[in-house]
Every structure is written in structure tokens, then in C-alpha cells.
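> how would this look folded up:
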Amino acid sequence: ATAHRSVTVLFADIVGFTSMCNELEPIAVMAFLNGLFTRFDCLCDIYGVYKVETIGDCFMAVGGLITVDGEGFKALHALKVLCFAKAMLREVAHMTMPHNGQPLRLRVGLHSGPVTAGIVGAKMPRFCLFGDTVNTASRMESTCEPGAVHVSAATQALLPQEDWAPTGGVQVKGKGEMQTY
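Down below sits the predicted model:
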């Protein structure tokens, strides 16, 4: 296991995924997700972020964990992940849900902070991230408005050049009220 002082974690999920699963055959759901997530995989390469895993319709990625810049620093992780998040939204902007033809919308949440990374298990080992940063990024996604990117104050502080709109505070499970953007 390795400790990382500062990374940016992203969680994204599909709005209306559960109802889609209730209406489509599993093979159609799998084909839809494979097509979408393959697009996101390509974006990971473009923006220099690392795909951690997918669970159902949830896509998890991280910046600042693996890739270093020319001088050996894991700089600009928040900017890279935010640019990736915006690219995800652009990618789905003209896509529709396969079961009802409605626009495909994502919720995307970001949080920056420390994590521990490592391989867990022996039979089917998996690369995992642990720590409050992971949980908080997940909460940013779950409290996000559809079609938007929702970030914590920690991520916002790393990206002062962005035109952020404060939410006025959001109740976050296990954390209480958090200032978010």
C-alpha cells in the first residue's frame, strides 16, 4: 500500500440507470455501458487520469496517483480531473438513453485530498483506493444535480481560476453540511 498526500477522485453515474435496467435485457445494458465506458477510457488517456474501476453504472477515476509531469511532480491533478469531467459531460451531450430516448445525463462528483492505494485480495486481486477522500468524492456525486459537476471546497481551492457557483452548503451523509460548488 502507498500513501498519497493529494489526489483528486472522481465518481460519475448515469441518471435513470435503475429504471433503464428494469426495462432492458441485461445484454442491452451491458452493451450500452461497454460503449459508454470505452469512450470514457479513451478520455482517461487524453486527460491523464487513471480509471480505478466501474461498478454498475458508476465510473471511478483519479488524478495525481500515477501520472507525473516532466519534472516528476504529480501536479495539476485537480485541473486534469475537472477537464476530464467536463469532457465526460460533452461526450454524453448528444447521447440518449436506450430504453426511452431521453437525453443521457451524468452526475459527476470530485473531491481532493489524501488516499491510500494498493492491491487487495489474492484470488482476484484488485487495485483499490481508501480514505475519506474517496467517500467524500462519492458523496459529491450522489448530491450532484443531473448534468453537472459537483466539487468540494478542497477541490475548488485547487482551481481558483474556475467560475464556480457556490451551492450554499449541502448536507453530506457522515460529514454534515459542506461548502460545495
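
> need the next SSE after the helix or strand bottoming out on mean pLDDT in the chain, C-terminal direction.
In the chain, no helix or strand scores lower on mean pLDDT, DSSP states H and E than strand 170-172, which sits at a mean of 93. Beyond strand 170-172 in the direction of the C-terminus, DSSP states H and E gives the next helix or strand as strand 176-178.

> any chance you could map the strands in this structure?
Secondary structure of the chain (DSSP state E): strands located at 2-14, 50-55, 58-63, 106-120, 126-130, 148-151, 170-172, 176-178.

> which residues sit in contact with residue 37?
Taking C-beta atoms under 8 Å, 6 or more residues apart in numbering as the criterion, residue 37 is in contact with 54, 59. (Each C-beta comes from the backbone N, C-alpha and C, glycine too.)

> Roughly how far does it sit from residue 46?
To residue 46, residue 37 is 15 Å away according to C-beta to C-beta, to the nearest Å.

> where's residue 144 relative to residue 13, distance?
Per C-beta to C-beta, residue 144 is found 9 Å from residue 13.

> Settle it for me: which of the two has more neighbours?
More neighbours surround residue 144 than the other of residue 144 and residue 13, with 24 against 20 (other C-beta atoms under 10 Å).

> Might you report the residue contacts of that one?
Neighbouring residues of residue 144 by C-beta under 8 Å, 6+ apart: 107-109, 150.

> Could you point out the longest helix of this protein?
Secondary structure of the chain read by DSSP state H shows that its longest helix is helix 26-47.

> Just the mean pLDDT for that helix, thanks.
The pLDDT scores in helix 26-47 average 97.

> Check residue 154 and give its pLDDT.
Looking at residue 154, its pLDDT reads 97.

> Start at 26, not 1
All set: I'll call the first residue 26, so the last point we hit is now residue 179.

> give the contact list for it.
Neighbouring residues of residue 179 by C-beta under 8 Å, 6+ apart: 136-138.

> Which one (most neighbours) among those residues?
Among these, residue 136 has the most neighbours (other C-beta under 10 Å), with 29 neighbours.

> So what pairs up with the closest residue to residue 78 other than its chain neighbours in the strands?
Distances taken as C-beta to C-beta, 6 or more residues apart in numbering place residue 85 nearest to residue 78, at 5.3 Å, with adjacent residues excluded. Using DSSP bridges, the bridge partners assigned to residue 85 are residue 36, residue 78.
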